[in-house]
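Q: sequence below, structure please.
(one chain, ligands or ions: 1)
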Amino acid sequence: MLRPRETATRERKALDGLWRFALDAEGHGRPAEWWKQELPGMQEIPVPASFNDLFGTAEAHDHVGDAWYQTVIRIPERWRGERIVLRFDAATHSAVVWVGERQVVEHEGGYTPFEADITNLVEPGFEARITAVVSNVLTWHTIPPGYVAETAGGGRRQQVFHDFFNYAGLHRTVWLYRTPTSFVQDVTVTTDLDGSTGTVRYEVETGSEDVEVAVTLRDAEGGEVAGARGATGELEVEDVRPWRPGEGYLYDLSVELRGDGDTLVDTYSLPVGIRTVRVEGARFLINDEPFYFRGFGKHEDAAVRGKAHDNAFMVHDFALLDWLGANSFRTSHYPYAEEVLEYADRRGIVVIDEAPAVGINSGLAAGAFGAEPHTTFSEDTINAVTQDAHRRAIRELVARDKNHPCVVLWSIANEPESVTPEARAYFEPLAGETRRLDPTRPIGFANVMTSTPDVDVITDLFDVVMLNRYYGWYVSPGDLASAEAALDAEISSWVAAYDKPILFTEYGADTYPGVHDIVPSPWSEEYQAEVLSMFHRVFDRFDAVVGEQIWNFADFATAPGVMRVDGNKKGVFTRERRPKSAAYALRRRWRTQP
Ligand code: GCB
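A: Predicted coordinates for the structure are as follows:
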């Protein structure tokens, strides 16, 4: 799915700003058809933002159910005769949208875009009212899953199986854009390298017979390096400058639709990084060179705005990654805003792109996050309907992010139950589907600490062993000697079981900033640094370990619970992005690695 861009034939308008807003926990709006009038109340809300922390009320913070958004737009007169599209980059977790009195689109899944062609519903030069109802409810059939519990106090509470706050709302930009009526619908590129020659294979979807496709590849200075005609084809690039970690070199693929007499009908331009990714035995290769991941699992999370995309935080976070010598991150536990992937493309930062399938593990959550105990896979819990939603989430992830050179690995779930025959039946088709959708990238899932190789039944379906491990924290807290022995033994057992790269996608320790200790004990800054350095000592003993991504880049908000002090404090930075002591230790390690 193409991101809206300005080109010679296209225009876009961000509809960000203050919208009318109404919380509707009782669910009055849908039967009363609120889209037909101005929303009740006088509340306004910034878009993008999560609604939870804006108003300083428990009502908004703990809201379960519908939230209504409304704005009035004006369609430029000059868009007459063009195709007009309304696009939401994200609505968490599901939405229905109306233009005037007509429903135009419905979408489930909180982290991928959706759009509607509204050409026939709006009049250029005039205003149109847009209304969206966004629900934050998670069920056994959504990705991520959850359920709504009635509380003893008479309220409703959203129970989730994951460890971050259930922020909701319009988290990313809403666009109004126009294209010609014959237009570039989709572009897919894959790339290859052979010595100093690069290959860019492309496929353009147009949905129109009367146009011819012409593509031109230009280097970063604008010089033409290759071109071709036809909806699919292959471009050769001599003396190629590959995209590589640390050097986000991008070509520009300009796709043009040509009509009668070679007139320009539509043009779209796509940044292209030429690189290869491959797993060979226990090595992870980018451009046929072994790559070692240094970085973090992150979150889209900040004070006040919650999960809304924020360019200031993005630029700052990448600057901090650079300061540390990190080269990668995982979009734990959902697809991040497209701006982030585009920026990673340009900065040469490597990304593990994760589907929002976190918490396919109700047993784990029962222990950690206070949910009732449930069997993960059953008719009444995670079932074939959930699996369908999961499949759609993977499809939308790949459709959105397939062209980003920064994305080198799809993670299709975080810490699922992976030890029963039901888990295998659930994941086998999903792994197959991910490979079918994108045969060019390796796939993985983040394995939970109880799924050791003797009990796990799904790792053979994947290319990389991704481990989330908490030795020294949930296991042997305060006893790093035992933690070290157990970690070493576990890695040895994975090495014995599989000839696959092992990537640590989580390890760390909660750390309250400002707590110091001569004898490092849990929660102190010294202890966090010691836990990380223990892990690193062990990693360095194994060739099969191809990376270290610490949990977490920064402290983040969670649901309340006795395991959490004002959220999860495993950040190497605080939520405000101030460094804890571990940041300096990491910088010493990572800045001296090749
Ligand atoms: C995990 C989860 C992550 C949690 C983390 C923790 O294994 O993948 O979402 O936040 O542990 O801190 O407990």
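
Q: could you look up the SS state of whatever residue of the chain ends up closest to the ligand?
A: Nearest residue of the chain to the ligand, counting by Cβ to the nearest ligand atom: Asp163, 3.5 Å away. All C-beta spots, glycine's among them, are computed from the backbone N, C-alpha and C. Look at Asp163: counting by DSSP: H, G, I helix; E, B strand; the rest coil, its state is coil.

Q: ok, Thr232 to Phe313 distance?
A: The gap separating Thr232 from Phe313 is 39 Å, by Cβ to Cβ, to the nearest Å.

Q: what about the two, which has more around it?
A: Each of Thr232 and Phe313 has its neighbours counted (other Cβ atoms under 10 Å); Phe313 has more, 17 against 13.

Q: help me confirm that that one is found in a helix?
A: Yes. Under three-state DSSP, Phe313 sits within a helix.

Q: which one is it nearest to, not counting chain neighbours?
A: Ala302 (5.5 Å; Cβ to Cβ, 6 or more residues apart in numbering).

Q: how many neighbours does that neighbour have?
A: Neighbourhood size, Ala302 [other Cβ under 10 Å]: 22.

Q: contacting residues around it?
A: 308, 310, 313, 575 (Cβ atoms under 8 Å, 6 or more residues apart in numbering).

Q: repeat that for Glu203.
A: Neighbouring residues of Glu203 by Cβ under 8 Å, 6+ apart: 187-189, 231-232.

Q: just the pLDDT for the residue of the chain closest to the ligand.
A: For Asp163, the pLDDT comes out at 96.

Q: got it, and Ala371?
A: 62.

Q: JSON lines please, covering the contacts of Ala302 and showing secondary structure and distance to Ala220.
A: Formatted as JSON lines, the contacts of Ala302 follow (DSSP: H, G, I helix; E, B strand; the rest coil; distance: Cβ to Cβ, whole Å):
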{"residue": "Ala308", "secondary structure": "coil", "distance to Ala220": "31"}
{"residue": "Asp310", "secondary structure": "coil", "distance to Ala220": "27"}
{"residue": "Phe313", "secondary structure": "helix", "distance to Ala220": "27"}
{"residue": "Arg575", "secondary structure": "coil", "distance to Ala220": "36"}
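
Q: just give me the closest of those residues to Ala393.
A: Proximity of the contacts of Ala302 to Ala393 was ranked by Cβ to Cβ; the top entry is Ala308 with 20.4 Å.

Q: Ala49 is in contact with that closest one, correct?
A: Yes. Taking contacts as Cβ atoms under 8 Å, Ala308 lies within contact range of Ala49: 4.5 Å.

Q: quick check on the two: which one has the bigger neighbour count.
A: Remark: of Ala308 and Ala49, Ala308 carries more neighbours, 26 against 22, as counted by other Cβ under 10 Å.

Q: list the contacts of the more buried one.
A: 48-50, 169, 171-172, 300, 302.

Q: quick check: the gap between it and His171.
A: Ala308 is 5 Å from His171, by Cβ to Cβ.

Q: quick one: low-confidence parts of this protein?
A: For the chain, the stretches with pLDDT under 70 are 364-371, 594.

Q: please name the residues that touch the residue most central in space within it.
A: Geometric centre of the chain, nearest residue: Pro335, 1.5 Å, by Cα atoms, centre = their mean. Contact analysis of Pro335 by Cβ under 8 Å, 6+ apart lists 111-112, 353-356, 397, 400-401.

Q: what helix or strand is it on?
A: Assigned by DSSP states H and E, Pro335 belongs to no helix or strand.

Q: again, but for the one 5 residues further on
A: Taking DSSP H and E as the definition, one finds Val340 inside helix 338-347.

Q: now that helix: buried residues?
A: 338-347 (16 or more other Cβ atoms under 10 Å).

Q: could you pull out the strands for the stretch 401-550 of the chain?
A: 407-414, 443-447, 465-468, 502-506, 545-551 (DSSP state E, counting those that start in this stretch).
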